[in-house]
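Student: dropping a prediction and its sequence here:
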Amino acid sequence: MRRIGPHCKPALDGAGRLGRYGAMARPRPKHHDPALPVGPNMRRLAAALAAEPGRLTDRLPGGRARLWQRLRARVAEYGDPQALVALDDHGAGRALDIDSLRVVALMLARTGDHDGYERTLRDFDPALTFSAVRARRFIGNGSGMEALNVFRRLGKAQIPRFEKIFICERSGLARTLLAMKQVLPAHPGLNTPALIEARRGDRLAAVEFVHVRFTPLPPGEIKVRARVVRHLGEIAEKAIGGNTARYHRQTLPEGARETIAALLEAAGADHARHYRALFGRCQALADSLPRVFCHGDLNHNNVSREGVVLDWDKAGFLPYGHDAAYACRRRRPGGADDLLALSAKHFERPGRAAQDRFAFAWFFLHMIPSRPELLRNTALLAGLVEKLHALADAAAHELGRTE
């Protein structure tokens, strides 16, 4: 999440996290990149809007309209023509699609216009209802595809609320409710903000959680997240009733196989041939591993120093090792041995160490394309591929022994 309030004082966002784009640290915004997915470009747009400083005159009559025009100029400078179309459609009262609604919601949040924000969302979904609490504050934004990613704090009472607007047709709402209503209450031990209320419309849902103070982890921190991974690893899919197959997550990122093969070709044709020869067997082995409940997005912004865990939009059932690999994405191991030492030290379970080590290595390998700083580490890439055969043999042997 990132602070997008109308003034430049550093502030804590919806989870109590210090906003990245306050007055103390304002990075230069990047421009729209058509080659990037929607999520990263939304982060860039939010940064572009946050770069426009608030002024004292914004509090005077007509100030909000003047701020809107300055922000519109930032959008034009940002370079996404569709974002400008969204603002024009909003100004003309035309219907918005969900991507346009994201842009307009960011703008309304940046100007602090709560009434306009709620009115725009109800125009999109007349069945949506909001809390009657009038103490409202925009406190942050995100970039996931499951929600609008404009967040508010509601109320000033002893239990203030954190509001998040989910998109009903996406799976994030169902995954969040699975975690908050079914899985976590039956397996206590994690500190996560309690669900208060979920008001579902036809296209959007307003979900409220207990608002908590939150200090995000340093990007490379492992120990706190490892405790979360190990706790979730004890929640086997077979222990959850009902139709769990609908909450299965895809094990590898889309396009990762092709990207890894291309990177290995550049590093040496032998590595690429070895990878292609092993892929089918390794993927089948990964798919055969027992699935456990996973968070799916254990980045440092979703776990606090105190172990509070947020954002269950991507929760589901995956082989143990996926959350572990994801938690280590921002580490920069020198090679495959360094990486596997992290697995052994923080994540591997007694009696399942070979399975856990193989899954960790397999999933981490295919997360490398999402981390530019790792793409240049050919020693890590080639080293993991060289170890796959032995890792898969050990995992298969242990799996046959434990089934």
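Tutor: On my side now, so go ahead. Residues are numbered from 1 along each chain as shown.

Student: which residues are contacting the helix or strand bottoming out on mean pLDDT in the chain?
Tutor: Lowest by mean pLDDT, DSSP states H and E among the helices and strands of the chain is helix 372-375, with a mean of 84. With CB atoms under 8 Å, 6 or more residues apart in numbering as the test, helix 372-375 has contacts from 263, 329, 332, 368, 369, 380, 381. C-beta coordinates here come from the backbone N, C-alpha and C atoms, glycine included.

Student: next step: the residues you listed restricted to helices.
Tutor: Cross-referencing the contacts of helix 372-375 against helices under DSSP state H gives 263, 380, 381.

Student: just give the closest residue to the first one, not the sequence neighbours.
Tutor: The reference is to residue 263. residue 381 (6.0 Å; CB to CB, 6 or more residues apart in numbering).

Student: state the distance from the one you found to residue 144.
Tutor: Counting by CB to CB, to the nearest Å, the separation of residue 381 from residue 144 is 28 Å.

Student: ok, the two, which is more surrounded?
Tutor: Using other CB atoms under 10 Å as the criterion, residue 381 and residue 144 rank with residue 381 on top: 23 against 19.

Student: contacting residues for the more buried one?
Tutor: Contact partners of residue 381, counting by CB under 8 Å, 6+ apart, are 260, 263, 264, 267, 271, 365, 368, 374.

Student: can you check residue 122 too?
Tutor: residue 128.

Student: surely it is in a helix?
Tutor: Yes. Counting by DSSP: H, G, I helix; E, B strand; the rest coil, residue 122 is found in a helix.

Student: per-residue pLDDT, the residue nearest to residue 263?
Tutor: Model confidence at residue 381, expressed as pLDDT, equals 92.

Student: would you mind measuring from it to residue 268?
Tutor: 10 Å.

Student: likewise for residue 396?
Tutor: Residue 396 sits 27 Å away from residue 268, going by CB to CB.

Student: pick out whichever of these two has more residues nearby.
Tutor: Comparing residue 396 with residue 268 by other CB under 10 Å, the one with more neighbours is residue 396, at 18 against 12.

Student: ignoring the adjacent residues along the chain, who's closest to the more buried one?
Tutor: residue 285 (6.0 Å).

Student: need the contact list for that neighbour.
Tutor: With CB under 8 Å, 6+ apart, residue 285 has these contacts: 358, 392, 395, 396, 399.

Student: quick one, grab the pLDDT at it.
Tutor: You'll see residue 285 listed with a pLDDT of 97.

Student: likewise residue 162?
Tutor: Turning to residue 162, the model gives it a pLDDT of 95.

Student: tell me the SS of it?
Tutor: When classified by three-state DSSP, residue 162 comes out as strand.

Student: likewise for residue 293?
Tutor: Three-state assignment for residue 293 (three-state DSSP): strand.

Student: surely it meets residue 232?
Tutor: Yes. Here residue 293 lies in contact with residue 232, judged by CB atoms under 8 Å, at a distance of 5.3 Å.

Student: of those two, who's got more company?
Tutor: residue 293 (29 against 25).

Student: from residue 187, how far off is the residue lying closest to that one once chain neighbours are set aside?
Tutor: Leaving aside its sequence neighbours, residue 293 sits nearest to residue 235 (CB to CB, 6+ apart; 4.0 Å). Distance, residue 235 to residue 187, by CB to CB: 5 Å.

Student: okay, and the common contacts of those two?
Tutor: Shared contacts of residue 235 and residue 187, defined by CB under 8 Å, 6+ apart, comprise residue 293.

Student: the more surrounded of the two?
Tutor: Set side by side, residue 235 and residue 187 show more neighbours around residue 235, with 19 against 15, by other CB under 10 Å.

Student: now, of the contacts of helix 372-375, which are buried?
Tutor: Buried members of the contacts of helix 372-375, scored by 16 or more other CB atoms under 10 Å, are 263, 329, 368, 369, 380, 381.

Student: which residues of the protein fall in strands?
Tutor: Here the chain has its strands, by DSSP state E, at 136-141, 150-154, 161-167, 195-200, 204-210, 291-294, 316-319.

Student: out of the contacts of residue 285, what pair is the most spread apart?
Tutor: Farthest-apart pair in the contacts of residue 285 is 392 and 399; separation 10.2 Å (CB to CB).

Student: which one of those two has more residues nearby?
Tutor: Using other CB under 10 Å, the more surrounded residue of residue 392 and residue 399 is residue 392, with 20 against 17.

Student: show me what contacts the more buried one?
Tutor: Contacts of residue 392 by CB under 8 Å, 6+ apart are 278, 281, 282, 285, 358.

Student: residues in contact with the third one?
Tutor: In other words, residue 282. Each residue near residue 282 by CB under 8 Å, 6+ apart is listed here: 358, 362, 388, 392.

Student: sorry, back to before: and the buried ones among the contacts of helix 372-375 as a markdown table, adding distance to residue 345?
Tutor: Shown next, in a markdown table, are the buried ones among the contacts of helix 372-375 (distance: CB to CB, whole Å):
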| residue | distance to residue 345 |
| --- | --- |
| 263 | 27 |
| 329 | 17 |
| 368 | 21 |
| 369 | 25 |
| 380 | 17 |
| 381 | 22 |
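
Student: and for residue 166, the neighbour number?
Tutor: Neighbour count for residue 166, taken as other CB under 10 Å: 24.
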